[in-house]
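Asks: just the structure for this:
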Amino acid sequence: MRIGIFFGTMGSSSTLDGLIQQIVDVEDDGFDSFWTANVSRTDALTVVALGGQRTSRIEMGTAVVPTFPRHPTAMAQQALTTNAATNGRLILGIGLSHQPNVENRWGLKFETPGQHMEEYMTILRSMVDTGKVDFDGSLFNVHAEVERVSTDPMTVCIAALAPRMLRIAGEMAQGTITWMVGPTTLDTHIVPRITKAAESAGREAPRVCVGLPICVTDDRSAAFERAGEFFQNYGNLPSYRRMLDIEGVESPAEVAIIGNESEVEAQLRALSDAGATDYLASIFPEGDDSAASFDRTRALLKGLVGKL
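Replies: Numbering: from 1, shown residues only. Down below sits the predicted model:
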């Protein structure tokens, strides 16, 4: 299982220069990948393109870029440019986002999300693979071309949790990116469904990129309480709520990876055993010294690269 560092709203630099330096540091520390969310502060694909100019080895992923506010031809063109800037190291993670974001933030209709993603991926894959598309669907009618600045292959992963989305990811993408999904849910729901879809479509085994909060600490109860404060809102979103229910837990804190070094290593091995191909580490601090807490967790992860 590959290990990457994920920067969302927590732990990332408040400046663009600082964020790019964090990408450089992730590579220097030997990690397999860097992941960034497409949050209100920065555009994830732009960050990855800039990071690609300062690094040479690590994969860099978006986790994830929402599809509703970005037309698939625009997504394809920007992703192709970003993939060229990284010499083929982009993992383009895309997703529906959530109904409150789509309708209340962007003023769009969150209708037929499965059909939206299926048509979106049809257009995106054609543009990425051939530079052109001729498609007439229920939601999109697209006849366009783009001059590809690079022929490097591009990895595309979909944030897929529901059965239909997992089928689409298996049939049309290289894998899935999950959040708030524990090992039981991976083993019984995510991995079997996406693997079956990929096999039925004659595609290679999918990547299963698993994002979870993590904290190495001797005070497990305090870290659990902190995780509850940081991540409780995810339990109110229907897609994550369903995953927590499958896992048999009530709170997002219960799927966070928490404990001392040996306990955390065991929990990471459980993810690998459940079928995770990549772990996206969202480090959160515990205690009065946040910097020391971050460093302790990162040190363990660094030591586990290539060993899980």
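Asks: which residues of the stretch 101-250 of the chain fall in helices?
Replies: 113-130, 163-172, 183-185, 191-200, 220-231, 238-247 (DSSP state H, counting those that start in this stretch).
Asks: low-confidence ranges in this structure?
Replies: Applying pLDDT under 70 to the chain picks out residues 9.
Asks: and residue 248, how far is that from residue 188?
Replies: Using CB to CB, to the nearest Å, we find residue 248 at a distance of 11 Å from residue 188. In this view, the C-beta of every residue, glycine as well, is placed from N, C-alpha and C.
Asks: out of the two, which sits in the busier spot?
Replies: Neighbour count, other CB atoms under 10 Å: between residue 248 and residue 188, residue 188 has more, with 13 against 10.
Asks: domain parsing for the chain?
Replies: 9-23+32-156, 160-308 (automatic domain parsing).
Asks: so residue 54 sits against residue 20, correct?
Replies: Yes: with contacts counted by CB atoms under 8 Å, residue 54 reaches residue 20, the gap being 6.0 Å.
Asks: so those two - more neighbours on which side?
Replies: Taking neighbours as other CB under 10 Å, residue 54 and residue 20 compare with residue 20 leading, 18 against 11.
Asks: and that one, helix, strand or coil?
Replies: Under DSSP: H, G, I helix; E, B strand; the rest coil, the three-state class of residue 20 is helix.
Asks: isn't it right up against residue 48?
Replies: No: Residue 20 is not in contact with residue 48 according to CB under 8 Å; the separation is 10.0 Å.
Asks: could you measure from the residue nearest to residue 178 when sequence neighbours are not counted over to residue 271?
Replies: Excluding its sequence neighbours, the residue lying closest to residue 178 (CB to CB, 6 or more residues apart in numbering) is residue 210, at 5.3 Å. Computed as CB to CB, the residue 210 to residue 271 distance reads 6 Å.
Asks: need the residue closest to the centroid of this protein.
Replies: Residue closest to the average C-alpha location in the chain (CA atoms, centre = their mean): residue 63, at 3.3 Å.
Asks: contact partners for the nearest residue to residue 127 once chain neighbours are set aside?
Replies: Excluding the flanking residues, the one nearest residue 127 by CB to CB, 6+ apart is residue 76, at 3.6 Å. Residues in contact with residue 76, defined by CB atoms under 8 Å, 6 or more residues apart in numbering, are 123-124, 127-128, 146.
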